[in-house]
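Chemist: 3D model of this:
(2 chains)
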Amino acid sequence: AQKVTQAQTEISVVEKEDVTLDCVYETRDTTYYLFWYKQPPSGELVFLIRRNSFDEQNEISGRYSWNFQKSTSSFNFTITASQVVDSAVYFCALSRGFKTIFGAGTRLFVKA
Amino acid sequence: GAGVSQSPSNKVTEKGKDVELRCDPISGHTALYWYRQSLGQGLEFLIYFQGNSAPDKSGLPSDRFSAERTGGSVSTLTIQRTQQEDSAVYLCASSPNPVAGRRSYEQYFGPGTRLTVT
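Modeler: Presented below is the predicted three-dimensional model:
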């Protein structure tokens, strides 16, 4: 069975702090895809990144970076120098083919 | 271009009534998904359509829930005899042609329909 665990329910940081959102997944598949989505207060989920199971190279996009480690079944997301606009719920997701399993989400509060 | 649109944005209905929720996917996207998000919770998969293939209905919580997709585009999610536990935000997403066993694409979400059953 597939499962995605985001153990951090809520995180609160002060602007400019770095913050890491944890994601641990379970799957028996050898081919799978991992995603991060952002859901701002407006409510609409926005795709951030996709990784496939064969590509463990870490990725950086501006202040965002992702650390994929198959050995620990983790796909963590770090925001560097957080900003108030980063306040949102962040979802980690796992899929093989069409069916996607989402984690429960981590609510991030960034205070000015 | 236009994103995924959903209507209505809000729906308040009385227990026992039927409701229909509409989703217009991104033009050209062959896959369409429905999810349910209860207050403060994650996303619960409901149903998936891919092109003209039979939909995967494995996530529908009861036979009161049904969905159809006409012409490979617009989809309607119908909830019959609504119950208070059906209150949630119903999200629709679309993605370009993901095929099981092959490349899996990201999903583009609509703004959702907030359903309140009184």
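Chemist: Restrict the worst-scoring helix or strand of chain B on mean pLDDT to CA atoms and write it as CSV.
Modeler: Lowest mean confidence among the helices and strands of chain B (mean pLDDT, DSSP states H and E): strand B:43-50, at a mean of 91. The C-alpha trace of strand B:43-50 is given here as CSV (Å, rounded to 0.1, in the frame of the first residue of the first chain):
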residue,chain,number,x,y,z
LEU,B,43,-7.1,15.4,-0.2
GLU,B,44,-9.2,12.3,-0.6
PHE,B,45,-9.2,10.8,-4.0
LEU,B,46,-12.7,10.3,-5.4
ILE,B,47,-12.6,9.5,-9.1
TYR,B,48,-10.4,9.7,-12.2
PHE,B,49,-11.1,10.0,-15.9
GLN,B,50,-8.6,9.4,-18.6
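Chemist: Next one, pLDDT for the closest residue to chain B within chain A please.
Modeler: Closest approach between chain A and chain B, counting by CB to the nearest CB: A:G97, at 3.3 Å. Any C-beta I mention is one placed from the backbone N, CA and C, and that applies to glycine too. Per-residue confidence (pLDDT) for A:G97: 72.
Chemist: Repeat that for B:T70.
Modeler: 84.
Chemist: Which residue is the nearest non-sequential neighbour of it?
Modeler: Nearest non-adjacent residue to B:T70, counting by CB to CB, 6 or more residues apart in numbering or on different chains: B:T76, 7.8 Å away.
Chemist: For the one you found, what are phi and psi?
Modeler: Here is the backbone geometry of B:T76 (degrees, to the nearest 10): phi -120, psi 130.
Chemist: about what we covered before: which residues does the helix or strand just after the least confident helix or strand of chain B contact?
Modeler: For strand B:43-50, the succeeding helix or strand toward the C-terminus, using DSSP states H and E, is strand B:65-69. With CB atoms under 8 Å, 6 or more residues apart in numbering or on different chains as the test, strand B:65-69 has contacts from B:32, B:34, B:46-47, B:49, B:55, B:57, B:60, B:75-80.
Chemist: Just checking: what are the partner strands of strand B:65-69?
Modeler: strand B:75-79 (antiparallel) (DSSP bridges).
Chemist: Let me see the contact set for the spatially most central residue of chain B.
Modeler: Centroid-nearest residue in chain B: B:W34, 2.6 Å away (criterion: CA atoms, centre = their mean). Residues in contact with B:W34 (CB under 8 Å, 6+ apart) are B:23, B:46-48, B:67, B:75, B:77, B:90-92.
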